[in-house]
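Asker: quick one: sequence plus predicted model below, questions after.
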Amino acid sequence: MTRGGSTAPKRAAGESAAELVTDGMVVGLGTGSTAAEAIRALGERVDNGLAVRGIPTSFQSRELAREYDIPLTSLDETTPDIAIDGADQVADGTLVKGGGAAHAREKIVDTAADRFVVVVDPSKVAETLTHPVPVEMLPDARSTVAAGVRGLGGDPTLRDAERKDGPVVTDNGNLVLDCDFGGITEPDALATGLACLPGVVEHGLFVDCADEIHVGHSDGVRVER
Ligand code: 5RP
């Protein structure tokens, strides 16, 4: 699922990050519409002879990589030299991710990379994180994790609970709670609290993981961090 359409700022950020990739590199392939721009730009370079291998972070990014003939590998074979991924919100280098429910695999691949490059448009950059934090959990833990999130001061909503086909199910067969904490002033403590709830597979707070943030604008790219 690629949510949101292509825009000039997303394209600029994706292309800027894809330019960091050099011959022989292994690249973590992020999820979402901005990461898709990086995969597309990388695919064009592969078409022109660049030799890379990709490690996808989701079904969506795997399909896109195949479409662009980017050879694939896995974390069992090697580690990424670089990972390029989007974010739902960025404040002071900390990210909220998981709008595409792919944050568990994204966190594994992105943090395994020697260099983690985030690609966003300016609408994602904030002073303080306020975006609801996606929490992937085992289906059996849905109620207990929701209670734990309330105990941490959050307001959890099962993603797409009202959908005719049922709630969102991740690539790993789990459910997602979107947890509204208002303004997140202590992301480190919240990340620890969420990770400690039994049944939580992964949450979407990425604290101190990003090496660079490429913010695409209609007139170019600003690199932060
Ligand atoms: C998926 C993600 C995405 O990277 C995030 O939702 C941003 O997506 P987009 O670039 O489409 O706004 O974390 O799980």
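Answerer: In hand now; what should we look at? Numbering: from 1, shown residues only.

Asker: Arg45 looks like it's in a helix, true?
Answerer: Yes - per DSSP: H, G, I helix; E, B strand; the rest coil, Arg45 lies within a helix segment.

Asker: so it makes contact with Ala18?
Answerer: Yes - taking contacts as C-beta atoms under 8 Å, Arg45 lies within contact range of Ala18: 6.8 Å. (C-beta placed from N, C-alpha, C; glycine too.)

Asker: who's more crowded, the two?
Answerer: A direct count of neighbours by other C-beta atoms under 10 Å for Arg45 and Ala18 places Ala18 higher, at 25 against 19.

Asker: now the nearest residue to the more buried one once chain neighbours are set aside: which helix or strand?
Answerer: Nearest in space to Ala18, with sequence neighbours left out and distances taken as C-beta to C-beta, 6 or more residues apart in numbering, is Ala41 at 3.7 Å. For Ala41, the host element (DSSP states H and E) is helix 33-47.

Asker: now the residue lying closest to Leu205 once chain neighbours are set aside: which helix or strand?
Answerer: Among residues not flanking Leu205 along the chain, Ala191 sits closest, at 4.4 Å (C-beta to C-beta, 6+ apart). Using DSSP H and E, Ala191 falls within helix 187-195.

Asker: okay, and the beta partners of Phe116?
Answerer: Counting by DSSP bridges, Phe116 is bridged to Ala83.

Asker: isn't it up against Ala83?
Answerer: Yes - here Phe116 reaches Ala83: they are 5.0 Å apart, a contact under C-beta under 8 Å.

Asker: which neighbours do the two share?
Answerer: Gly28, Asp110 (C-beta atoms under 8 Å, 6 or more residues apart in numbering).

Asker: so which of the two has more stuff around it?
Answerer: Using other C-beta under 10 Å, the more surrounded residue of Phe116 and Ala83 is Ala83, with 30 against 23.

Asker: get me the contact residues on this protein for the ligand.
Answerer: For the chain, the residues in contact with the ligand (C-beta under 6 Å from any ligand atom) are 3-4, 30-35, 85-88, 97-103, 106.
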